[in-house]
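# Task: produce atomic coordinates for the following.
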Amino acid sequence: MQKPATTGWINSDTLNLQQTTQRDRIKDDGASNYADNDTHVKYPKPSPIERLLIRDRIVYMKRDDCLHLPGSNISGNKARKFLSLNNLPADEFPDAIVSYGGPQSNAMVALAAIVSSKNAELTVGESNNSSSSNSSNGEQIDLQNGMVGDLFWELDVLDDEIQLRRKDEDDGGYTKLSSTNNSQASSTSSTTTESTDVPTKRFIYYTKPIPRYLRKNPSGNLLRALALGCEIRTLPHDEYARLFGGLNGGSSLAPADLDPPIAGKSLWVPQGGACSIAKPGGDVLATEIIDYWSLHGKGMPLAVCVPGGTCTTALLLKKSIDFIIKQRQTKKEETMDIRVVVIPCVGDDEYAMRQMISLDKAVGGDGDKEALPWILRPREDVEYGSARRRTRGYFTFGQPSKALLATYDEMNSENVSLDLLYGAPAWSLLIQNWRSRESNCPIAGRQIMYIHTGGLEGVASQLTRYKHKNLLPDARSIQAS
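Numbering: from 1, shown residues only. Next comes the predicted model:
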């Protein structure tokens, strides 16, 4: 097993995370293969890029929402961030993953799906350990194609079977929420630590107190994570802020007084995967963008626009693209002008800047602002309502808004499905700057490539909130686009 850090947590640098480069790629009909020493790992093929005309401007839509990883079947932005974890063989995977964040987090359900897939992989491997024809890579692909089914799809039929059990634990002072479902889907993801013939990987997730309605009627990502075996531990607001708070939204390191559940075998993943674990996936995304633009860009300057929460994808994508372009320059290859632009969807530009500086230092950078992605800001000459004036034109994360719903509807009319937490806020700011020619506007005078980061599985629960706020007509059906 990997060497633990001195804190008792696994140091992610000791994990066999797959570093991928252009020269390692071997393309075939369905996927790409990357070779690393004696390990052969299967990756999904590059996500498609669609050329669209929106408000009389060409947009290149990078459809990461169509990206699905083998085994876990996670997609979108989290498929990039957690690519390296997903590719770890089950027998090398940490015994416990620990993270924190909101109770409807996309990162939460993605990590739950990965851990669940590793438990399924171990179960399948144990039952077939006498058969030499069943390799670990083969089983992982079979999991995606139907051996245990599409984990996300199965959750849709579990609503009536999932209940939350609340238990106050003397040693931790937290409330633990877990699934009591005994169906086949959750049997591959036990939330207990009882000894079995097959080792069980655990996913423990800390969050703030969950609203009463959601506790009694789990839905969306909370329901999905519970069904996948996630152990949710709620903390009082003050304790949560003490452990995970701060101007930067928390450290990339585990809190000093938070002990790992299994010493030496537990991996800490900060909120949203904002750490070096996300780098391999960012490298792959950068390579796909460079490959595409070198063939289709015709030398035009490009702005790659990324919705930002922790801004991890944007920062690591910027670092990787810069590195590849410098390599091309040393080889006397065609010069490329590609700018990465982050669109803050959580907090404002100042929060995004602090997040990126903190993460840059955590992954070995010096936090130089000039080396960070550009930030798209709201226009100052737009009349906002009182709430948005207080946030300088930015939307309050997760708060239903008529403006967001209007953007959501407009993009749907263009056959582009967005979520309401990241996609709609990002496009609201993009459209606001659509015709800008100001020198400080990062998309002015450039072709636009938008990274569609997914999250569409949460649209139904997001629209339910709009209905509760009386922002959605009663006659309108609530369903994911």
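
# State the distance from residue 230 to residue 244.
17 Å (C-beta to C-beta, to the nearest Å). Backbone N, C-alpha and C define where each C-beta goes, glycine included.

# Give me the more crowded residue out of these two.
residue 230 (29 against 22; other C-beta atoms under 10 Å).

# what helix or strand does the spatially most central residue of the chain sit in?
By C-alpha atoms, centre = their mean, the chain has its centre lying nearest to residue 78, at 2.5 Å. Using DSSP states H and E, residue 78 sits in helix 76-81.

# Using CSV, write out the CA atom coordinates for that helix.
Taking C-alpha atoms only, helix 76-81 is exported to CSV below (Å, rounded to 0.1, in the frame of the first residue of the first chain):
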residue,chain,number,x,y,z
GLY,A,76,-18.2,16.3,-17.0
ASN,A,77,-15.8,18.4,-15.0
LYS,A,78,-15.5,15.7,-12.3
ALA,A,79,-14.5,13.1,-14.9
ARG,A,80,-11.5,15.4,-15.6
LYS,A,81,-10.7,16.1,-11.9
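
# which helices and strands does whichever helix or strand comes after it pack with?
Following helix 76-81 in sequence order, the next helix or strand is helix 83-86 (DSSP H and E). Here helix 83-86 touches helix 106-127, helix 279-296, going by 3 or more C-beta pairs under 8 Å, 6 or more residues apart in numbering; DSSP states H and E.

# one more time with 6 Å, if that's ok
helix 279-296 (3 or more C-beta pairs under 6 Å, 6 or more residues apart in numbering; DSSP states H and E).

# chain center to the helix it packs on: distance?
18 Å (C-alpha atoms, centre = their mean, to the nearest Å).

# Other residues contacting the helix or strand following that helix?
Downstream of helix 279-296, the first helix or strand assigned by DSSP H and E is strand 302-308. Residues outside strand 302-308 that contact it (C-beta atoms under 6 Å, 6 or more residues apart in numbering): 293, 313-314, 338-345, 352, 422, 426, 442-443, 446-451, 453.

# Sheet partners, orientation included, of strand 302-308?
On the basis of DSSP bridges, the sheet neighbours of strand 302-308 come out as strand 338-344 (parallel), strand 447-452 (parallel).

# just how off-centre is the shortest one within its chain?
Spelled out, that is strand 447-452. On C-alpha atoms, centre = their mean, the centre of strand 447-452 falls 18 Å from that of its chain.

# now the stretch 201-350 of the chain, which segments are flagged as low pLDDT?
247-249 (pLDDT under 70).

# For residue 407, which residues are in contact?
Here residue 407 is in contact with 424, 427-428 (C-beta under 6 Å, 6+ apart).

# again, but for residue 408
Per C-beta under 6 Å, 6+ apart, neighbours of residue 408: 418, 420, 424.

# Of these, just say which sits nearest to residue 71.
Within the contacts of residue 408, the smallest distance to residue 71 is 26.9 Å, found for residue 418 (C-beta to C-beta).

# sorry, back to before: out of the contacts of residue 408, grab the one that's most surrounded.
Counting by other C-beta under 10 Å, top hit in those: residue 418 with 27 neighbours.

# about what we covered before: could you dump the contacts of residue 407 into a markdown table with pLDDT added?
Below are the contacts of residue 407 laid out as a markdown table (pLDDT from 0 to 100):
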| residue | pLDDT |
| --- | --- |
| 424 | 97 |
| 427 | 98 |
| 428 | 96 |
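
# Of those residues, just say which sits nearest to residue 331.
residue 427 (36.7 Å).

# Which helix or which strand is home to that closest one?
Going by DSSP H and E, residue 427 is in helix 423-432.

# Point out the other elements, helices or strands, that that helix touches.
Packed next to helix 423-432, using 3+ C-beta pairs under 6 Å, 6+ apart, are helix 402-413.

# go again using 8 Å as the cut-off
Packed next to helix 423-432, using 3+ C-beta pairs under 8 Å, 6+ apart, are strand 302-308, strand 338-344, helix 402-413, strand 447-452.

# Which one of those lies nearest to residue 73?
That would be strand 447-452 among the helices and strands packed on helix 423-432, by C-beta to C-beta, at 17.3 Å.

# Mean confidence (pLDDT) on the helix or strand just after the closest one, please.
Moving toward the C-terminus from strand 447-452, the next helix or strand (DSSP H and E) is helix 459-468. Summarised as a single mean, pLDDT over helix 459-468 is 88.

# what sits against the nearest residue to residue 394 once chain neighbours are set aside?
Leaving out its chain neighbours, the residue that sits closest to residue 394 by C-beta to C-beta, 6 or more residues apart in numbering is residue 348, at 4.7 Å. Shown in contact with residue 348 (C-beta atoms under 8 Å, 6 or more residues apart in numbering): 391-392, 394.

# For residue 348, give me the backbone phi and psi.
Per-residue torsions, residue 348: phi -120, psi -170 (degrees, to the nearest 10).

# Would you mind listing where the stretch 51-200 of the chain has pLDDT under the threshold?
125-199.

# Which residue, other than its chain neighbours, is closest to residue 66?
residue 47 is the one closest to residue 66 (C-beta to C-beta, 6+ apart), at 5.5 Å.

# Surely that neighbour is within a strand?
No - applying DSSP: H, G, I helix; E, B strand; the rest coil, one finds residue 47 to be coil, outside a strand.

# Test my guess that it contacts residue 69.
No - with contact defined as C-beta atoms under 8 Å, residue 47 does not reach residue 69; the gap is 11.4 Å.

# who has more neighbours, those two?
The neighbour comparison of residue 47 against residue 69 (other C-beta under 10 Å) goes to residue 69, with 26 against 22.
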